[in-house]
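> pasted the sequence and its predicted model underneath.
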Amino acid sequence: MKFFADTSDINDIKELENSGLLDGVTTNPSIIAKSGKQFLPLIEEICSIVHGPVSAEVASTDYETMIKEGKKLAKIADNVAVKVPLTPAGLKVCKELSDEGTMVNVTLCFSAGQAILAAKAGATFISPFVGRLDDLAQDGMQLISDICQIYANYPEWNTEVLVASVRHPVHIIESAKLGADVVTCPPSVIKQLFNHPLTDKGLAAFVDDWKKTGQSIL
Ligand code: G3P
């Protein structure tokens, strides 16, 4: 399972990159707006830090403008994955860019039917938003289960399931159980995976007991 950081925060990205846990980054217009930074230079900087795919989303919704934006984003770095919305125009852009060898992340996926369309359009990644479905008392993980089941029937499709809108570690664990290829998470959620009180308690006991031996390994 690959871990992508769903952020444009350079410090968080560098920290995760240095931990060896980071396989890529995803951004979207809301994340970019929140950063207060200029989009293109920020994506270029992230691509210089992260060796894996960095998702940069088009801002328009019409085909003619999205294809121009997508081609410009793709030129920033070889590891840019152009992000497009799951609309007829977005999938037309997806097909054109993926045919040219550009990675494409199809976003705002909320149904298995949409995921089928994205795979047929040659998407590199499909981004089903589990948290936003859960927020509506729908079952986000059921969507991931359905997509993984469907995609397994068509090995000729090369679209990776990139679970997005992740709210907590259980989304990561359940996605792994289902065989999803990638989760993209706020860095804090990735860090939460480390946490268990029995680990902390056990380590404290090991340290205390070792101190009692009066020994040193070095
Ligand atoms: O990459 C998609 C993700 O940023 C959406 O997350 O929390 O806005 O639903 P959220």
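Alright, I've got the coordinates.

> quick one: contacts of stretch 190-205?
With CB atoms under 8 Å, 6 or more residues apart in numbering as the test, stretch 190-205 has contacts from 3, 5, 16, 21, 168, 169, 172. Bear in mind the C-beta positions are built from the backbone N, C-alpha and C, glycine included.

> residues of the chain that sit close to the ligand?
6, 26, 28, 127, 129, 131, 132, 164, 165, 184 (CB under 6 Å from any ligand atom).

> what's the closest non-adjacent residue to the first one?
Looking back up the chat, that one is residue 6. residue 184 (4.4 Å; CB to CB, 6 or more residues apart in numbering).

> so the one you found, which of the three states?
On the three-state scheme (DSSP: H, G, I helix; E, B strand; the rest coil), residue 184 is labelled strand.

> that one: what's it in contact with?
Neighbouring residues of residue 184 by CB under 8 Å, 6+ apart: 3, 4, 5, 6, 24, 26, 55, 127, 162, 163, 164, 166.

> what mean pLDDT does stretch 90-109 have?
Predicted confidence along stretch 90-109 averages 98 (mean pLDDT).

> which residues in this protein form strands?
Ranges of strands within the chain are 2-6, 24-26, 54-57, 80-85, 103-109, 125-128, 160-163, 182-185, based on DSSP state E.

> what inclination does the fourth one have with respect to strand 2-6?
Right, the one you point to is strand 80-85. Counting by axes from the mean of the first three to the mean of the last three CA atoms, to 10 degrees, strand 80-85 lies at 70 degrees to strand 2-6.

> now swap in the fifth one and tell me
For the pair strand 103-109 and strand 2-6, the angle between their directions (the same axes, to 10 degrees) equals 70 degrees.

> which elements pack onto strand 103-109?
strand 54-57, strand 80-85, helix 88-99, helix 112-120, strand 125-128 (3 or more CB pairs under 8 Å, 6 or more residues apart in numbering; DSSP states H and E).

> quick check: mean pLDDT of the second one?
In this model, strand 80-85 has an average pLDDT of 98.

> how about the CA coordinates for that strand, as PDB?
Backbone C-alpha positions of strand 80-85 (Å, rounded to 0.1, in the frame of the first residue of the first chain) are rendered in PDB as follows:
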ATOM      1  CA  VAL A  80       3.300  15.400 -11.800                       C
ATOM      2  CA  ALA A  81       0.000  13.600 -11.900                       C
ATOM      3  CA  VAL A  82      -2.600  15.900 -13.500                       C
ATOM      4  CA  LYS A  83      -5.800  15.800 -11.400                       C
ATOM      5  CA  VAL A  84      -9.100  16.200 -13.300                       C
ATOM      6  CA  PRO A  85     -12.700  16.000 -12.100                       C
END
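
> how many other residues sit next to the closest residue to the ligand within the chain?
At 3.4 Å from the ligand, residue 165 is the closest residue in the chain, using CB to the nearest ligand atom. By other CB atoms under 10 Å, the residues close to residue 165 number 22.
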